[in-house]
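Peer 1: Make a model of this:
(chains A and B)
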Amino acid sequence: MTYVTVPDAPLLDIRGLSKHYGTIRALDDVSFTLDRDEIVGLLGDNGAGKSTLVKCLAGAVIPTAGEVYLHGDRKVFSTPAEARDEGIETVYQQLALVDIFDIPANFYLGREVVRGGWRGKLGILNRRLMRKRARAAVEALPARFPNLDADIETMSGGQRQVVAISRAGFWGGRLLLLDEPTAALGVKEAAAVLEMIGAMVSSAETDMAMIVISHNMEHVWSICTRLLILRQGRLVADLPKSETTRQEVVAHITGATA
Amino acid sequence: MAKARSDRGRGDGDGIPATPAGGVMSKLTSRVRFTAMQARVGVLILLCVFFTIRSPFFFTSTNLVNVLVNGAVIGIIGSAMTLLLVARQVDVSVGSAIGFAGAVFAVFARDYGMAWGVVAAIAAAMAIAGINAVAIIKFRVNSILTTLATLVAFRGASKLVMDGRAVRVEGFRFLGRTRFEVWGIEIPVAVIVLLLVVAIFYVVMRLTKYGQQMYAIGANPQAARLAGIPLERQVGIAFVLTGATVALAAMIVVSQVGAVSPTTGERMEFLALTGVIVGGASLYGGRGSVIGTLVAILILAVLDNGLVLLQVQSFWQEVSRGVLLLGAVVFDQLGRREAEVRMDV
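Peer 2: Alright, predicted model coming up:
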């Protein structure tokens, strides 16, 4: 897929993004840019605006004010489908998988492929093609699935998360948004998921960037190159990992410094 | 994928052996080695064997065709009802809708001719489907409450249309009383229509993008919405399809009886819903198949027919239907995991 790009423009440029619910400012005048191949950790306490920010980028929430540019091109998303068409894939905190479907059906959820010819006009699914492509994608991943045909409801929390992230990676695109990818996972499972994210980024030939939300700093620290910290809807710090310490990050999250 | 699909949760409603769900079900699973679909077919066969032994009239082609005719109308609206339940919706107004469409059909056929009667019946059924769809989709009213309201309202409306008295319909035999001879057996048109409707819904639900998305909507509406599936549009289409089956069912009923009365269609919503639930669909969405519904409706029809042949007091028919429905609902609840119980749409 090719997108409109302006030379030398950053992959993502957010200017003055705000989301107000009545008098509550869930997101307040947030601006930052993101380059290709960056993995950014988005940190903050509960209610700091992390999820709201990600939802604005994913088209699930419509911002009150502010602008979003992708490769220098202004974008306005009013549905998740519009954001996806621009190459923004999201893995939500509450897993957006259908339990009773297997992996291929979940990969193609909402993007089901129909057959050619008259069958396609009737909307007849091409299950074989979807299965073949999903299998190829899954086999390229570090994670192993025992059975491609197993329904999601038979899988563990970690496996489900890996499926959800794999789906986002499968559709590639320009920007990957991960909302709490390790929440509700055991230590071992979280480690496997993080390893998988790291492997995906290092093996990606595409010019992709990633924003990882978490309130577990250890998890973010292990895979990120840069940290953005939100507090009460405002962006309070934007730090390269090499130039900061965990203590400083924690201080920003809690507001001990300012 | 098609092979792996065929016997699993999504299709037949339960797929007991494949699902290591916790609790009661897993204990059952270790002992019970058949699927719910096989159980349904087994019950149907056992009932047929039982009634064949007990009554010489049961296993005759005339009587078996009667059973099919009795199940035809319920099976036709049950097919659409299955699609609705799969997407976590329900339409309990179909009984009154059949009564209303039938009344409109009879009055228009009497006053303006048969062709206008057909047009008016379709328009009436679609109008009710439209009202239900707008209330549920636009105003976000729960589908049970919406269709309960239209159930009551259109029962009254149909009495208004026919002025509270039965209306005779002359000369409309085709859908209800015409029979074709196939291999020496006289097959009524209504049964052929039933099989066609079931086949169409089978293809739509199992093979198409639309059907796949309806299962997703019922199983996890939030995920479906985030995946960009147009929930409102897809659910709206299901209500329109329900309207189409109602129009068809109304014309069959009127043609069979040759008249419309103030009670035409009464309790058909209950019979269809019983069939759909016994057939493996869940009120929590994501489960059900038209084949399951068809088998369940045949079970109910055989039970009714057999009890009549054995001259069992007719009250027992109602008791047996209620017991079947209760059993199916309890079974559905046992098969679910607590984590799955989400009613947020």
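Peer 1: near chain A, which residues of the stretch 101-250 of chain B?
Peer 2: Residues of the stretch 101-250 of chain B lying close to chain A by CB under 8 Å from any CB of the partner chain are B:203, B:207-210, B:212-213, B:215-216, B:219-220, B:222-229. Every residue, glycine included, has its C-beta placed from N, CA and C.
Peer 1: mind listing what the residue in the stretch 101-250 of chain A that chain B sits nearest to touches?
Peer 2: Here the stretch 101-250 of chain A gets closest to chain B at one residue, residue A:110, 3.2 Å apart by CB to the nearest CB. Listed by CB atoms under 8 Å, 6 or more residues apart in numbering or on different chains, the contact partners of residue A:110 are A:81, B:213, B:216, B:224, B:227, B:228, B:229.
Peer 1: Inside helices: which ones of those residues?
Peer 2: Among those, the residues falling in helices (DSSP state H) are A:81, B:213, B:216, B:224.
Peer 1: What is the most widely separated pair among the contacts of residue A:110?
Peer 2: For the contacts of residue A:110, the farthest-apart pair by CB to CB is A:81 and B:216; their separation is 14.4 Å.
Peer 1: between these two, who's got more neighbours?
Peer 2: Per other CB atoms under 10 Å in any protein chain shown, whichever of residue A:81 and residue B:216 has more neighbours is residue B:216, with 31 against 16.
Peer 1: That one and residue A:112: what is the separation?
Peer 2: 9 Å (CB to CB, to the nearest Å).
Peer 1: now residue B:327
Peer 2: Using CB to CB, we find residue B:327 at a distance of 35 Å from residue A:112.
Peer 1: ok, these two, which is more surrounded?
Peer 2: residue A:112 (21 against 12).
Peer 1: For that one, give me its contacts.
Peer 2: Residue A:112 is in contact with A:125, A:130, B:209, B:212, B:213, counting by CB under 8 Å, 6+ apart.
Peer 1: Give me the three-state assignment for it.
Peer 2: Put simply, residue A:112 is coil when judged by DSSP: H, G, I helix; E, B strand; the rest coil.
Peer 1: The spatially closest residue to it that is not a sequence neighbour: neighbouring residues, count only.
Peer 2: In this structure, residue A:112 finds its nearest non-sequential neighbour in residue B:209, 4.4 Å apart by CB to CB, 6 or more residues apart in numbering or on different chains. As a burial measure, residue B:209 scores 22 neighbours (other CB under 10 Å).
Peer 1: thinking residue B:209 is in contact with residue A:125, fair?
Peer 2: Yes: with contact defined as CB atoms under 8 Å, residue B:209 counts as touching residue A:125 (5.7 Å).
Peer 1: surely residue A:134 meets residue A:101?
Peer 2: No: look at residue A:134 against residue A:101 with CB under 8 Å: they stay out of range, at 11.3 Å.
Peer 1: Neighbour count for these two, which is higher?
Peer 2: residue A:101 (26 against 22).
Peer 1: To which secondary structure element is residue B:78 assigned?
Peer 2: Assessed by DSSP states H and E, residue B:78 sits inside helix B:61-86.
Peer 1: Run the chain-centre distance for that helix.
Peer 2: Relative to the chain's own centre, helix B:61-86 is displaced by 7 Å; criterion: CA atoms, centre = their mean, to the nearest Å.
Peer 1: by contact count, what packs against it?
Peer 2: Applying 3 or more CB pairs under 8 Å, 6 or more residues apart in numbering or on different chains; DSSP states H and E, one finds that helix B:61-86 contacts helix B:94-112, strand B:185-188, helix B:189-207, helix B:209-219, helix B:231-257, helix B:268-278, helix B:290-309.
Peer 1: is it true that residue A:249 touches residue A:239?
Peer 2: Yes: shown here, residue A:249 and residue A:239 form a contact pair, counting by CB under 8 Å, at 7.1 Å.
Peer 1: More neighbours: the two, which one.
Peer 2: residue A:249 (20 against 17).
Peer 1: Tell me the secondary structure of the closest residue to residue A:254 other than its chain neighbours, please.
Peer 2: Of all residues not flanking residue A:254 in the chain, residue A:45 sits nearest, at 7.1 Å (CB to CB, 6+ apart). When classified by three-state DSSP, residue A:45 comes out as coil.
Peer 1: list the contacts for the residue nearest to residue B:169 when sequence neighbours are not counted?
Peer 2: Counting by CB to CB, 6+ apart, residue B:169 lies nearest to residue B:106, which is 4.9 Å off, once chain neighbours are set aside. Residue B:106 makes contact with B:117, B:162, B:167, B:168, B:169, B:254, B:259, B:260, according to CB under 8 Å, 6+ apart.
Peer 1: Just the buried residues of the residues you listed.
Peer 2: Using 16 or more other CB atoms under 10 Å in any protein chain shown as the burial test, the contacts of residue B:106 include B:117, B:162, B:167, B:169, B:254, B:259, B:260 as buried.
Peer 1: so where is chain A shaky, pLDDT-wise?
Peer 2: For chain A, applying pLDDT under 70 flags the ranges A:1-2, A:4, A:142-144, A:146, A:201-207, A:257-258.
Peer 1: what does it have sitting close to chain B?
Peer 2: Residues of chain A found near chain B (CB under 8 Å from any CB) are A:60, A:79-81, A:84, A:90, A:92, A:94-102, A:104-105, A:109-112, A:114, A:122-125, A:127-128, A:130-131, A:149, A:151, A:153-154.
Peer 1: Next step: the residues you listed restricted to strands.
Peer 2: When DSSP state E is applied, the residues of chain A next to chain B are split such that residue A:90 fall in strands.
Peer 1: relative to helix B:231-257, how tilted is the helix holding residue B:78?
Peer 2: Interaxial angle of helix B:61-86 relative to helix B:231-257 (axes from the mean of the first three to the mean of the last three CA atoms, to 10 degrees): 160 degrees.
Peer 1: ok now stretch A:10-30, how far from the chain's centre?
Peer 2: With CA atoms, centre = their mean, you get 18 Å for stretch A:10-30.
Peer 1: Which residue ranges of the stretch 151-258 of chain A form helices?
Peer 2: Secondary structure of the stretch 151-258 of chain A (DSSP state H, counting those that start in this stretch): helices located at A:157-170, A:187-203, A:217-223, A:246-254.
Peer 1: ok, of the ones in helices among the contacts of residue A:110, which one's closest to residue B:265?
Peer 2: Nearest to residue B:265 out of these is residue B:213 (CB to CB; 30.6 Å).
Peer 1: what is in contact with residue B:209 and residue A:125 at once?
Peer 2: Between them, residue B:209 and residue A:125 share these contacting residues under CB under 8 Å, 6+ apart: A:112, A:114.
Peer 1: Buried residues, stretch B:195-209. List them.
Peer 2: Across stretch B:195-209, burial judged by 16+ other CB under 10 Å covers B:197, B:198, B:201, B:202, B:204, B:205, B:206, B:207, B:208, B:209.
Peer 1: now what about it, what contacts it?
Peer 2: Outside stretch B:195-209, the residues within contact range by CB under 8 Å, 6+ apart are A:112, A:114, A:122-125, B:5, B:11, B:75-76, B:79-80, B:82-83, B:86, B:210-211, B:214-215, B:245, B:248, B:289-291, B:294.
Peer 1: let's see it at 7 Å
Peer 2: If you take CB atoms under 7 Å, 6 or more residues apart in numbering or on different chains as the criterion, stretch B:195-209 is touched by A:112, A:114, A:122-125, B:11, B:75-76, B:79, B:82-83, B:86, B:210-211, B:214, B:245, B:289-291, B:294.
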